[in-house]
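# Any chance you can model this:
(chains A and B)
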Amino acid sequence: MKAYFKFELSQFIKSKKNIAIYVLLLFLACFYALNIAPSYKPIEKVDAKEIEARYLSREAFLSNFTNENRFTGMAGYGLAIYPKWNWLDKSRLDALNDNKLKQYSKFTSEWYIYSNNITYGSEHFFYSPGYYTHGNLYASEDGYYGYLYSASRYQGYAEGKSKLSINVFEERTALQTLQRLLHSYLPMILMICCVFLTVDVVLKDRLNPSLLKGFPISDWKKLIIKGAVSLIGSIGVIVPLSVGLLLIGIRYGFGDFQLPVPIYSYSGEPSYFNKGEFINITMGSYLLENFILLIFCFMFLISLVLLVSMIIKNEFANLLVAAIFIFNEIFYFKRGIGFFYEVENYPTNYVQVGQILSGYRNYIYNSSALNLGNGLTALGMGTGVLLLLIFLISKYKRYKLV
Amino acid sequence: MLELRNINVQFSGRDILKDINETFHPGEIIGLVAPNGTGKSTLMNVIMNYVKPNSGKVVVQEKLFYTSKKDEVKIHQIVSMMPDQSDLYNHLSGREHLNIYCSMWNSDPDLIDKTIADLGMESYVKKKTGTYSLGMRQRLCFAMQIVSNTPIMLMDEVMNGLDPNNVNIISNILLKKKQEGKIIIIASHLLDNLEQIADRIFLFKDGNLINAALVTNGFGKSEISTVRVKGLTNEVSEKLTNAFPRTNVLSLSNGVSLVDVSSFSVEELSQIVVFLHDNKLTDFSFGNVTLNDLYSMYYLKDATEYSNSANIQDLQEEYLRLKQELDIVKKAMTIVARK
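Numbers count the residues shown, from 1 in each chain, chains lettered A, B, ... in the order given. The predicted structure follows:
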């Protein structure tokens, strides 16, 4: 088995297609680090001028309407809510000007909680403009999530020991960029790479049949080794990606593994009235959880591709079936359906690894069950079933792998 | 030991292998001779279990059958087949190929350098096989199997693309392997070479495996049994059979006629020489029936026999009849042994 593993690994490493995938990833990682990452504009950016403008306009209002008991309606409402809001903005501004970033974090966290309390469900106040994009029917919900996420994050900064900077606040450091990417399309890109790396791992043997058919090793062991090699190769995509992160780290700092990552979770069953809350975990824990869930996704995908390779023996069929797994959720996803269906049982719902682990998927599905444990169970059981089928087929006397 | 028991293979209703029963023993080189597409490769594929026979069994070392995938792995540790040169990885070097085979069969790593030296591959073994000529690739494939060092080796067209020197080198290695007690089964079209190295040679005809030694008188014997005459006309042939009633003459498609003199005394042989000289035939030689002759008389359709004795067809039929009887006896003995 060891000899066959070495042989397969050597084949994998020397494959021109695989080298092309790694080179392409390296190029994309560098392109992202040098071109896309610098142009990142966070919705919740640190903007002293914006805070100051907001503070001054509200301060002008408050100085003109000094006796709050004399005014009712919107003016009275303004007089009631602006003093604390402005005090928080002033405190943030002062902390920022004095470069007291811990204090800035503390007041900013409070500011987000206070702002959200006033803004959510309000007809007169709005979240940051970045949430109100064209066609987004859930801008207010996104704003709610974004504000409480920021509140929790800044609370973590205030209470934590990490070295703070504007780049940390705007989540521009290398580790935070990775966190943002895991929350975005990175898991899909990694899974697509995994599929492309695995797609021919069985079928390539058809090019050298007489050389390989007589190897004294069973088809089952061959397939397991091929799967293991694909898994190692898929994990290996971290190498070219880390070059991009290195470039980002040099420019914006690397961040550290103690940085807080807010996780959205429900204390009870989710409902319209029972909103969840954010709990901070460390960046190290979050990335580790992502890694574990990604590995399980890879194992599921690899098992799926191995099985299809055995049955259909066509690379395009492999790509098609794997693509269905990766992109299937797009076709049935609707916001809130987790309240009606047990979405946690579908392995296809765990493709957006970062969103699952941050709790965002729970938020938009209105479910509390899309978590690491259920993800590992669904993907693990799915992988187990696929491996069982592979085992049974490979042991069938008349079955020929090559 | 390798035993084939009642192997039958049919493709599209056509018999490719018909009731093959044969046993090969350690220290034997077996030659398989037949035109292309007559079942040589199929037989090897059956032995490797790449092709499932419609009926019959392959028995390895008296106890292993292809009954499960586990047994297949065990058998493949014992039986190997030479890879096809078109299946080599062009981006790998010859040495890398040898390393793969050595590690897969867990054989002695020293065998790699020894085989490279024996086959004279030192100058190119580190280069990628994509740069190799046909002969170099063929030698590498042979080396790979030698490095696997299995007790039973199957080699299909092993001498393809090799110059006479390399044919000689490979033949010597095969003879050494034979001395080590290996069973080597070779399918080849280099009949002279095969005749030199093989202990037993089998011909394929209509799905049957026929021992060449039983096909005709004089094959494989170290005595003068045949006069090979070029340009023997029908008229002279008739005169010859009339003058020497105990002989028979077989005209081959390549213009050579074989005169059977297997029971002739020295005086009679002298008279034959005189006869040929009198009839102005000077291109003749004494010897025995070669594999080339056998191939011509067996597979080339226009081989015509002018004979006053039993012809080849009769011999074949007799051979098959005896073989069937032998099989029946074997089966009966097996049943008795089981009881």
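
# The closest residue to residue B:255 other than its chain neighbours and residue A:15, how far apart?
Counting by Cβ to Cβ, 6 or more residues apart in numbering or on different chains, residue B:255 lies nearest to residue B:230, which is 6.0 Å off, once chain neighbours are set aside. Heads up, the C-betas are built off the backbone N, CA and C, glycines and all. Applying Cβ to Cβ, to the nearest Å, the value for residue B:230 to residue A:15 is 58 Å.

# Looking at those two, which one has more neighbours?
More neighbours surround residue A:15 than the other of residue B:230 and residue A:15, with 17 against 13 (other Cβ atoms under 10 Å in any protein chain shown).

# quick one: that one and chain B, what's the gap?
Distance of residue A:15 to chain B, computed by Cβ to the nearest Cβ, to the nearest Å: 9 Å.

# Contact partners for that residue?
A:200, A:204 (Cβ atoms under 8 Å, 6 or more residues apart in numbering or on different chains).

# ok, now how distant is it from residue A:205?
12 Å.

# What parts of chain A come near chain B?
Chain A comes close to chain B at residues A:3-4, A:6-7, A:14, A:207-220, A:394-395, A:397-398, A:400, as judged by Cβ under 8 Å from any Cβ of the partner chain.

# quick one: low-confidence parts of chain A?
Applying pLDDT under 70 to chain A flags the ranges A:67-72, A:267-274.

# what about the closest residue to chain B within it, how many residues close to it?
Chain A approaches chain B most closely through residue A:3 (3.7 Å), counting by Cβ to the nearest Cβ. Residue A:3 has 18 neighbours, counted by other Cβ under 10 Å.

# do residue A:146 as well
Using other Cβ under 10 Å: residue A:146 sits among 20 other residues.

# Which helix or strand contains it?
Per DSSP states H and E: residue A:146 is located in helix A:139-159.

# can you pull the buried residues of that helix?
By neighbour count with 16 or more other Cβ atoms under 10 Å in any protein chain shown, helix A:139-159 contains the buried residues A:139-158.

# pLDDT on stretch B:98-107, on average?
Summarised as a single mean, pLDDT over stretch B:98-107 is 95.

# mind listing what the residue lying closest to the residue of chain A closest to chain B once chain neighbours are set aside touches?
Leaving aside its sequence neighbours, residue A:3 sits nearest to residue B:103 (Cβ to Cβ, 6+ apart; 3.7 Å). Neighbour list for residue B:103: A:3, A:6-7 [criterion: Cβ under 8 Å, 6+ apart].

# mind putting those residues in CSV, secondary structure and distance to residue B:19 included?
Supplementary listing: those in CSV, determined by DSSP: H, G, I helix; E, B strand; the rest coil; distance: Cβ to Cβ, whole Å:
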residue, secondary structure, distance to residue B:19
A:3, helix, 39
A:6, helix, 44
A:7, helix, 39
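
# Can you tell me the closest non-neighbouring residue to residue B:27?
residue B:181 (5.0 Å).

# Please identify the residues of the stretch 51-200 of chain B in proximity to chain A?
Residues of the stretch 51-200 of chain B lying near chain A (Cβ under 8 Å from any Cβ): B:52, B:67-70, B:72-74, B:76-77, B:79-84, B:87-89, B:91-92, B:100, B:103-106, B:144.

# how far away is the closest residue to residue B:159 other than its chain neighbours from residue B:178?
Nearest residue to residue B:159 in three dimensions, chain neighbours excluded: residue B:190, at 4.6 Å (Cβ to Cβ, 6+ apart). Distance check for residue B:190 against residue B:178: by Cβ to Cβ, it reads 17 Å.

# of all of the stretch 51-200 of chain B, which residue lies closest to chain A?
Distances between the stretch 51-200 of chain B and chain A by Cβ to the nearest Cβ are smallest at residue B:103, namely 3.7 Å.

# Let me see the confidence value for the residue nearest to residue B:255.
pLDDT recorded at residue B:230 is 85.

# For it, which residues are in contact?
B:255-257, B:281, B:283-284.

# now do 7 Å
B:255-256, B:283-284 (Cβ atoms under 7 Å, 6 or more residues apart in numbering or on different chains).

# just the residues you listed now: which is nearest chain A?
Of all the contacts of residue B:230, residue B:256 has the smallest distance to chain A: 36.9 Å, by Cβ to the nearest Cβ.

# Any idea how many residues pack against residue 134?
Since no chain was named, I'll use chain A. Residues near residue A:134, counting by other Cβ under 10 Å: 4.

# meant chain B actually
When neighbours are defined as other Cβ under 10 Å, residue B:134 has 12 of them.

# check which helix or strand covers the residue nearest to residue A:55 when sequence neighbours are not counted.
Of all residues not flanking residue A:55 in the chain, residue A:89 sits nearest, at 4.3 Å (Cβ to Cβ, 6+ apart). Using DSSP H and E, residue A:89 sits in helix A:73-97.

# which residues touch that helix?
With Cβ under 7 Å, 6+ apart, helix A:73-97 has contacts from A:48, A:51-52, A:54-55, A:58-59, A:61-62, A:65, A:68, A:71, A:103-104, A:107-108, A:110-111, A:114, A:118.

# Just give the nearest non-adjacent residue to the residue of the stretch 201-339 of chain B found nearest chain A, would you?
Per Cβ to the nearest Cβ, residue B:204 is where the stretch 201-339 of chain B lies closest to chain A, at 20.6 Å. Nearest residue to residue B:204, sequence neighbours excluded (Cβ to Cβ, 6+ apart): residue B:34, at 3.6 Å.
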